[in-house]
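In: mind folding the following:
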Amino acid sequence: MANAVMKIEKFDVSKFIIDIAVSFAPEKEVLSPRISIIFNSENENRRLPMKTEIKDGKIIATGTYDATRIFYGKTPERINLSFAFSNGIDSAYEYATDLTVEGIKKKTFLRFVKIPKSEKIKFLIEKLLFAVSLPFRALKIKKNRISFFTNRTDCPTGNLKAVYETIKDIDGADVHIVCKKGGAKGTFAVLFKFLKLYMTSRVVFVDDYYHLVSYIKKKKETKLIQLWHGCGAFKTFGFSRYHKDSALEIYSSNHRQYDYAIVSSPEICAFYSEAFGISSQKVLALGSPRCDILKDEEYKALKTKEFFEEFPSLKGKKLLLFAPTFRGKGNGNCYYPTERFNADKVLETLGDEWGLIIKMHPYLKEKITYSDKNATRIADCENWDINDVLFSADFLVTDYSSVIFEASILEIPMAFLAFDLDEYIEKRDFYYDFRSFVPGPIVQTDTEAAKIAKSGNYDVEKIRAFAEKSFGNTAGNACRNIKELTVKLIGEEI
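Out: From the prediction side, this is the model:
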């Protein structure tokens, strides 16, 4: 996006509070612009989104930032500013400037007084947990110890499982895994086990926001690696939701301790750097571990066989997979409007040669209902891993779920039931312009989606191009890449 003229409209600094406005005048109309400000110090960088509006053909971005709170840990005395501008389709182009903030001194006395109540509570919990962790801090790190933590499930799944299975056989490795479903409650239920392993492990893997690694400062010698459960970059999350529906303050410690974050392609490194509040060099495009099996024909045959053994009445039918994401905040505070997908009506539209697979997001409690007469034409795959289900699907109907990335590897045609797209953009937003990004038609009703599936009129080349952009050459190689990184880390001197 070098074909846009940038202009600094405002730059005021008072007591290290940066009040800034910048404009971009693109040559062509931009429907979903994204503008971020990049703070560069001698050793770190941090990217944060700006609030944007389109006015008189120009895109105006504004923001107010406290320079003393940009970086995690030590505050640098000098920060240089640059900007990233994207049209919502292509990768962002970075614009350098000569803007600087110097002589920065961290404020401490009034910080606790001014922060929101939620951050005050978190601050107090951090202090309490630090005291609880002190006896464990005295334990020595075991150079060959590798630990995995998740609060998503009670057994290893997804990226965590894929990496665990790959590195557990590293010669001499002392590998541990702790799975306890339940968000914050799940993590605190295993607090003492966590502390013992966290304070003695050389390498630690997590696959989601794991509360305790934000509350309890890790040892410098421990390498904390975020595998993240999704792949690609689709819905904004973490600090990328700043200015949107987010409770995160820019100085929050959430995610900030990661030494590395693993992503599926170089295309999306900047987005994850922004979302996690970490320097761009800490984001490594090694691939999505859970997607390696999608390239394994033997595994595909096994899971397809298991699927039809559990749902024999669907054998010989074409199968439409319905796999939506949630609305709302997240685990424990989310929903899906089930009235927008009528399973009986969809099957009627598809005809007798089709069956239906239902796979709701793990956070959702809602169920898709259907009549008894259609029970033999429907597979409720609540307890299945979504990747294993994909092998049996002929068509995917979703909304804003990152399952589209996995589906693209298998070249599964898809349609997007996005009846609340404008509202979703307003509350959550995307890293790209949704309408031009997704590799399939956007529909308003379940019947429209079923008609597209039945028509057989699919743009497979668009799906292939989407997969190439999202994975590059990492598909099928992620676990090997991460194993090599792990071996390197445990082999380094502490």
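In: what does the model give Glu493 for pLDDT?
Out: With respect to pLDDT, Glu493 scores 84.
In: for Phe112, same thing?
Out: The model's pLDDT for Phe112 equals 64.
In: next one: Leu31
Out: 82.
In: determine the longest helix present in this structure.
Out: Residue-count comparison of every helix in the chain, with assignments taken from DSSP state H, identifies helix 117-137 as the longest.
In: who does Lys318 form a beta bridge with?
Out: Listed beta-bridge partners, Lys318: Trp354 (assigned using DSSP bridges).
In: am I right that Val5 is in a helix?
Out: No. The assignment for Val5, made by DSSP: H, G, I helix; E, B strand; the rest coil, is strand rather than a helix.
In: count of neighbours near the residue lying closest to it once chain neighbours are set aside?
Out: Using C-beta to C-beta, 6 or more residues apart in numbering and skipping the chain neighbours, the partner closest in space to Val5 is Ala25 (4.5 Å). In short, each C-beta sits where N, CA and C put it, glycine included. Neighbouring residues of Ala25 were enumerated by other C-beta atoms under 10 Å; the total is 13.
In: quick one, what contacts Ala25?
Out: Listed by C-beta atoms under 8 Å, 6 or more residues apart in numbering, the contact partners of Ala25 are 4-5, 7, 57-59.
In: least confident of these?
Out: The pLDDT minimum for the contacts of Ala25 sits at Gly57, where the score is 83.
In: quick one on the thing from earlier: point out the other helices and strands that the longest helix of the chain packs with.
Out: Packed against helix 117-137, as judged by 3 or more C-beta pairs under 8 Å, 6 or more residues apart in numbering; DSSP states H and E, are the following elements: helix 191-198, helix 211-215.
In: not counting sequence-adjacent ones, nearest residue to the residue most central in space within the chain?
Out: Relative to the mean C-alpha position of the chain, the nearest C-alpha, by C-alpha atoms, centre = their mean, is the one of Gly230, at 5.1 Å. Nearest residue to Gly230, sequence neighbours excluded (C-beta to C-beta, 6+ apart): Ser402, at 4.0 Å.
In: over to Gly351?
Out: Leaving out its chain neighbours, the residue that sits closest to Gly351 by C-beta to C-beta, 6+ apart is Lys454, at 6.7 Å.
In: and the helix or strand that contains that neighbour, which residues are buried?
Out: Using DSSP states H and E, the element containing Lys454 is helix 446-455. When burial is assessed from 16 or more other C-beta atoms under 10 Å, helix 446-455 yields the following buried residues: 446, 448-454.
In: over to stretch 363-371?
Out: Judged by neighbour count (16+ other C-beta under 10 Å), stretch 363-371 contains these buried residues: 363-364, 368, 370.
In: just stretch 252-266 next, same as before
Out: Along stretch 252-266, the positions that meet the burial threshold by neighbour count (16+ other C-beta under 10 Å) are 252-265.
In: what does stretch 331-345 rub up against?
Out: With contact meaning C-beta under 8 Å, 6+ apart, stretch 331-345 is reached by 183, 322, 324-328, 356, 358, 360-361, 363-364, 366-371, 374, 378, 397, 417, 419, 445-447, 450.
In: for it, measure first residue to last.
Out: Between the opening and closing residues of stretch 331-345 there is a gap of 30 Å (C-alpha to C-alpha, to the nearest Å).
In: quick one: low-confidence parts of the stretch 51-200 of the chain?
Out: 107-114 (pLDDT under 70).
In: would you map the helices across it?
Out: In the stretch 51-200 of the chain, helices defined by DSSP state H, counting those that start in this stretch lie at 111-114, 117-137, 158-167, 183-189, 191-198, listed in chain order.
In: now the terminal residues of stretch 367-374, how far apart.
Out: Stretch 367-374 has an end-to-end distance of 15 Å (C-alpha to C-alpha).
In: ok, and what's touching it?
Out: The contact list for stretch 367-374 (C-beta under 8 Å, 6+ apart) reads 322, 338, 341, 343-344, 347, 356, 358, 360, 378, 380.
In: and stretch 157-175, by the same measure?
Out: Around stretch 157-175, the neighbours that count as contacts under C-beta under 8 Å, 6+ apart are 142, 144-148, 150, 152, 156, 177, 179, 205-207, 227-229, 262, 288-290, 292-293, 385, 478-480, 482-483, 486-487, 490.
In: restricted to buried residues, select the residues you listed in PyMOL.
Out: Taking 16+ other C-beta under 10 Å as the burial criterion, the selection of buried members of the contacts of stretch 157-175 in PyMOL is written as:
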select buried, resi 144+145+146+147+148+150+152+156+177+179+205+206+207+227+228+229+262+288+289+290+292+293+385+478+479+482+483+486+490
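In: now stretch 84-98, how far from the centre of its chain.
Out: On the basis of C-alpha atoms, centre = their mean, to the nearest Å, stretch 84-98 is displaced by 21 Å from the centre of the chain it belongs to.
In: list the buried residues for it?
Out: Those buried within stretch 84-98 under the rule 16+ other C-beta under 10 Å are 84-88, 91-93, 95.
In: would you check which pair of those residues lies furthest apart?
Out: Farthest apart among the buried residues of stretch 84-98 by C-beta to C-beta are Gly88 and Tyr95. That separation is 16.8 Å.
In: one step back: packing partners for the helix or strand following the helix holding Lys454?
Out: Next along the chain after helix 446-455, taking DSSP H and E as the criterion, comes helix 460-471. Helices and strands touching helix 460-471, as assessed by 3+ C-beta pairs under 8 Å, 6+ apart, comprise helix 403-409.
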